[in-house]
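Have a look at this prediction, sequence included:
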Amino acid sequence: MTERAPASRGSNAEELLLLERIRAGDDGAFQRLYRLYHPRLTNFLLKMVRRPQLVEEVLNDTLMVVWQRPDSFHGGSKLSTWIFAIAYRKALKGLKKFDDPLEDDEVAERVSEEESPEDNSATFRRRDMLAEVMQELSPTHRAVVDLTYYHELDYNEIARILDCPVGTVKTRMFHARRQLRRLLEGGLEDWV
């Protein structure tokens, strides 16, 4: 699993400047930050909650916290880590609202905005297979895999997002990889 989805994101310094402007009530700065994070959070949340109808609600709730409580960011991590942590907690709360076991059957068919099949069919095939088998993982294991491979976060940042020790993140990744290898047997098990 060495390939990662390219991401269009601002630098941490640029994002911190936007947050400072948001603290001053600048709507334009909030709109810019919203545009920076909308695709990243949407991809993360789709993989985590697997309910398209819930994704936009969780995404908006997450960014509403950024707008209403920018002073709650104290700089102990990257701004992206803080925002993803909010999204993770909001997603877990959102999942608790649903009692039904409905799954998003179209998640494996959804084409990533970052890369089309025409650009690299082998990469698309691997991502398609991975997206399909990731559905078998628990939400916490999906979150660890997604944050690591699609958002390129390190274990320390993921631990902050998931509000757990780094060792727990490593254990979740170990078990997620083991399950992915088992699910990909005969396919791309050496890729994970």
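Sure, I can see it.

Is residue 152 in a helix, a strand, or coil?
What DSSP: H, G, I helix; E, B strand; the rest coil gives for residue 152 is coil.

Name the nearest residue to residue 84, sequence neighbours excluded.
residue 161 (4.6 Å; C-beta to C-beta, 6 or more residues apart in numbering). Placement of C-beta: from N, CA and C, glycine included.

and the one you found, what element?
Under the criterion of DSSP states H and E, residue 161 resides in helix 155-162.

mind saving the C-alpha coords of that helix as PDB?
The C-alpha trace of helix 155-162 is given here as PDB (Å, rounded to 0.1, in the frame of the first residue of the first chain):
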ATOM      1  CA  TYR A 155       0.200   7.600  13.800                       C
ATOM      2  CA  ASN A 156       0.600  10.400  16.200                       C
ATOM      3  CA  GLU A 157      -1.900  12.600  14.300                       C
ATOM      4  CA  ILE A 158      -4.300   9.700  13.900                       C
ATOM      5  CA  ALA A 159      -4.100   9.000  17.700                       C
ATOM      6  CA  ARG A 160      -5.100  12.600  18.300                       C
ATOM      7  CA  ILE A 161      -8.000  12.400  15.800                       C
ATOM      8  CA  LEU A 162      -9.300   9.100  17.300                       C
END
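
For that helix, what is the distance to the chain centroid?
Chain-centre distance of helix 155-162: 12 Å, with C-alpha atoms, centre = their mean, to the nearest Å.

Which secondary structure elements does it sit against?
helix 79-97, helix 139-149, helix 166-183 (3 or more C-beta pairs under 8 Å, 6 or more residues apart in numbering; DSSP states H and E).

what comes up buried for the lowest-mean-pLDDT helix or strand in the chain?
Here the helix or strand of the chain ranked lowest by mean pLDDT, DSSP states H and E is helix 121-134, holding a mean of 74. Within helix 121-134, the residues that qualify as buried are 124, 126-131, 133-134, counting by 16 or more other C-beta atoms under 10 Å.

Looking at those residues, which one is closest to residue 52?
Comparing the buried residues of helix 121-134 against residue 52 with C-beta to C-beta places residue 131 closest, at 14.0 Å.

what about residue 167, how many neighbours?
10 (other C-beta atoms under 10 Å).

On the pLDDT front, check residue 79 for me.
pLDDT recorded at residue 79 is 91.

residues near it, how many?
22.

Pretty sure it sits against residue 16.
Yes - the criterion here is C-beta atoms under 8 Å, and residue 79 meets it with residue 16 at 5.9 Å.

Residue 157 - nearest residue in space that isn't next to it in sequence?
That would be residue 81: by C-beta to C-beta, 6+ apart, it lies 4.4 Å from residue 157.

give the contact list for the one you found.
Contacts for residue 81 were tallied using C-beta atoms under 8 Å, 6 or more residues apart in numbering; they are 153, 157, 160-161.
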